[in-house]
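> Dropping the sequence and predicted coords here.
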Amino acid sequence: MKIGIQELLVVFIVALIVVGPDKLPYYAKKLGQAFGQFRKYTEEATKDIRESVVEPLNEAQKPLREAMAPVTELEKDVRKNVNEIKQSIADIGKPTKDANETAAETPEPSEPAEAEDPTTLQSKN
């Protein structure tokens with residue numbers, strides 16, 4: 001929760017009215033000390049939880065992660081193969097890049113040779 005300047009100003013004015021201007025510094029000091037102690041206790045509790053719960057759980061998970069590594073690699077390989085098969089199935093019926101290239105490389109059938117003129121045939125004979 002974030003408190004903005006307006007909220008702090010409202011709290012300060014209400015505290016000034018309720019406590020009075022002469023006792024406000026004393027209570028502000030006490031409130032600051034209480035927050036300091038609260039922060040100290042929460043930091044200690046967090047440290048204790050981390051040492052007694054989180055770190056042992058991480059240690060227990062380490063062998064499990066090592067045991068799962070081959071399974072994870074296998075899963076990645078299977079997913080890759082499945083995706084390749086899906087892509088192959090999706091590409092069925094589509095012209096391939098190789099087919100387009102070979103079609104461009106093969107010469108188009110030329111027009112049939114013109115029948116030679118019979119007069120030229122006779123002169124050759």
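Right, received. Where do you want to start? Numbers count the residues shown, from 1 in each chain.

> Show me which helix runs longest in the protein.
helix 55-90 (DSSP state H).

> How far away from the center of its chain is that helix?
17 Å (Cα atoms, centre = their mean, to the nearest Å).

> Centroid-nearest residue for the protein?
By Cα atoms, centre = their mean, the chain has its centre lying nearest to Lys76, at 16.1 Å.

> where's it relative to Val82, distance?
Using Cβ to Cβ, to the nearest Å, Lys76 is found at 11 Å from Val82. Every residue, glycine included, has its C-beta placed from N, CA and C.

> Repeat that for Val19.
Val19 is 70 Å from Val82, by Cβ to Cβ.

> quick one: which of these two has more around it?
A count of neighbours by other Cβ atoms under 10 Å puts Val19 above the other of Val19 and Val82, at 14 against 10.

> Show the pLDDT at that one.
Here, the pLDDT recorded for Val19 equals 85.

> Next, count neighbours for the closest residue to it other than its chain neighbours.
Residue nearest to Val19 in three dimensions, not counting chain neighbours: Tyr27, with 5.5 Å by Cβ to Cβ, 6 or more residues apart in numbering. Using other Cβ under 10 Å, Tyr27 has 13 other residues around it.

> swap in Pro21?
Pro21 has 8 nearby residues by other Cβ under 10 Å.

> same deal with Asn83?
Asn83: 10 neighbours (other Cβ under 10 Å).

> who touches it in this structure?
Contact partners of Asn83, counting by Cβ atoms under 8 Å, 6 or more residues apart in numbering, are absent.

> which residues are contacting stretch 7-14?
Under Cβ under 8 Å, 6+ apart, the answer for stretch 7-14 is an empty list.

> Could I get the buried residue list for that stretch?
For stretch 7-14, the neighbour count (16 or more other Cβ atoms under 10 Å) marks no residue as buried.

> where does this protein dip in pLDDT?
1, 96-125 (pLDDT under 70).

> at 90 what do you get?
1-5, 8-9, 11-13, 15-25, 27-28, 31, 49-72, 88-125 (pLDDT under 90).

> Quick one: classify Glu51 as helix, strand or coil.
helix (DSSP: H, G, I helix; E, B strand; the rest coil).

> Give the burial count for it, as a bare number.
Applying other Cβ under 10 Å, I find that Glu51 has 10 neighbouring residues.

> Perfect, I'm done here.
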